[in-house]
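> below are the sequence and a predicted model; questions follow.
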Amino acid sequence: MNFKNAFIIVFVVIFTKMTMAQEGLPVYSDYLTDNYYLLHPSMAGASNCSQIRITGRRNWVGQEDAPGLFTAAYNTRVGDQSGIGAILYNDKNGYYSQTGGYATYAHHLMFSRSESDLNQLSFGLSAGVIQYRLDQSTFVANGDALISSRAVSSSEFNMDIGLSYNLYNFYTHVTLKNLLDNSGVNSDLQASTNLRNLLVSLGYVIARPGKTWSFEPSILYSYREGIKQSNVDFNLKAYGTMKFGKLWGGVSYRTSLDAIEFVDGTESKSQNLNYITPFMGVNFGKYMVAYTYSYQSNPVTFNNGGFHQITLGIDFGCREKKYECYCPWVE
């Protein structure tokens, strides 16, 4: 691959990442580390416990000024049928960054005749403000009349809505993120202002009475309307009941359903975005710690350093367990 073609590929990767960075809170594999509320507003207050989850993610380890994401999420039950939550995050990618905050209200409807049976439909709405920021101060050393030599920023309002249905060991979520158009600071680059992202997920826990391990296959489909791009996650998670608490882990495979074309020399090629993400975590008492690593397996990548993430959590104000099912997302 010659220098010109390498430059084109790197430019496409950077521009794509820059456009993606304008999408609001990015969708990674955080939800697999006991953090479903981060994606689905309808999960606010769904658990028996109030929850705090903090994550730190670093992309392309070993690369200077590599992208990084920090999130802090809190949700709790209010009364018998309501839940509230809040999310703060900062997503930085080189010269570009966004900082956002959301507040959430969720309503939970129980259809079961007994509290021991889990049959719950939940609705959630999140609303918040995102500040988009682009630091142009070092773009051109001697200045350029067409490029501002300062940081430019824009604050905009957006909303997410979603619903969840939990029936014993089964669950499904449907969430529409970024209902409103946001131009951010890219309005002059003809970047899409349509940031809507449809998420559909479902899963089931296979649990056998008296056995130490249970298994949860699940799937997450994502469709980003503005760029007409679809991804799907295939996940397998295992839970082990230990004397000290709960040990869990698994693997996720994400693939894009839409190929990206590029030129290698004189040959036209295409590739799909592919991530392999192993993860593991432990719950001991009221505390939770998890680690996630993502490896980008498609042939042409910007960097082979991988994606590392740490998740820390604490549960408090827990109510007595009442559901006779193996449903860790609400326990």
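Arrived safely. Numbers count the residues shown, from 1 in each chain.
> contacts and neighbour counts: CA atoms only from here.
Will do.
> how about whichever strand or helix holds Phe123: buried residues?
When secondary structure is defined by DSSP states H and E, Phe123 falls within strand 119-135. By 16 or more other C-alpha atoms under 10 Å, the buried positions in strand 119-135 come out as 119-135.
> one more: stretch 57-76?
Going by neighbour count (16+ other C-alpha under 10 Å), the buried part of stretch 57-76 is 57-61, 67-76.
> out of the residues you listed, show me where the pLDDT dips lowest.
Minimum pLDDT for those is recorded at Val61 (63).
> Arg254 - how many residues pack around it?
Arg254 has 22 neighbouring residues, counting by other C-alpha atoms under 10 Å.
> and Ser116, backbone torsions?
Reported as degrees, to the nearest 10, the phi and psi values for Ser116 are phi -80, psi -20.
> before we move on, what about Pro67?
Here the main-chain torsion angles of Pro67 (degrees, to the nearest 10) amount to phi -60, psi 150.
> any idea how far the nearest residue to it once chain neighbours are set aside is from Gln131?
Distance criterion C-alpha to C-alpha, 6 or more residues apart in numbering; nearest residue to Pro67, sequence neighbours excluded, is Asn93 at 4.2 Å. According to C-alpha to C-alpha, to the nearest Å, Asn93 stands 14 Å off from Gln131.
> so after the helix or strand that contains Asn158, what's the next helix or strand?
Taking DSSP H and E as the criterion, Asn158 maps to strand 151-167. Counting by DSSP H and E, the next helix or strand C-terminal to strand 151-167 is strand 170-177.
> on contacts alone, who are the packing partners of that following strand?
strand 151-167, strand 197-204 (3 or more C-alpha pairs under 8 Å, 6 or more residues apart in numbering; DSSP states H and E).
> of all those, which lies closest to Gln98?
The closest of the helices and strands packed on strand 170-177 to Gln98 is strand 151-167. By C-alpha to C-alpha, the value is 9.1 Å.
> gap between that closest one and the chain center?
Taking C-alpha atoms, centre = their mean, to the nearest Å, the mean C-alpha location of strand 151-167 is offset from the chain mean by 12 Å.
> list the buried residues in that strand.
Quick answer for strand 151-167 (16+ other C-alpha under 10 Å): 153, 155, 157-167.
> before we move on, what about stretch 31-45?
Within stretch 31-45, the residues that count as buried by 16+ other C-alpha under 10 Å are 32-45.
> just the residues contacting it, thanks.
Here stretch 31-45 makes contact (C-alpha atoms under 8 Å, 6 or more residues apart in numbering) with 27, 30, 53, 73, 75-78, 82-85, 87, 104-107, 122-126, 160-164, 173-175, 279-281, 290, 311, 329.
> please name the nearest non-neighbouring residue to Ser42.
Once flanking residues are discounted, Ser42 sits nearest to Gly124: 3.7 Å by C-alpha to C-alpha, 6+ apart.
> which residues sit in contact with that neighbour?
By C-alpha under 8 Å, 6+ apart, the contact set of Gly124 is His40, Pro41, Ser42, Met43, Ala44, Thr104, Tyr105, Ala106, His107, Ile161, Gly162, Leu163.
> since we're on Lys211, how many residues are nearby?
Lys211 has 9 neighbouring residues, counting by other C-alpha under 10 Å.
> and the strand holding Asn158, what does it pack against?
Using 3+ C-alpha pairs under 8 Å, 6+ apart: strand 151-167 touches strand 119-135, strand 170-177.
> ok, which stretches of the stretch 201-331 of the chain are helices?
Assigned by DSSP state H, counting those that start in this stretch, the stretch 201-331 of the chain shows no helices.
> can you map out the strands along it?
Taking DSSP state E, counting those that start in this stretch as the criterion, the stretch 201-331 of the chain carries its strands at 213-224, 229-241, 245-256, 260-264, 267-271, 274-284, 287-296, 307-316.
> in the stretch 51-200 of the chain, where is pLDDT below threshold?
Within the stretch 51-200 of the chain, the ranges that satisfy pLDDT under 70 run 60-65, 137-149, 186-191.
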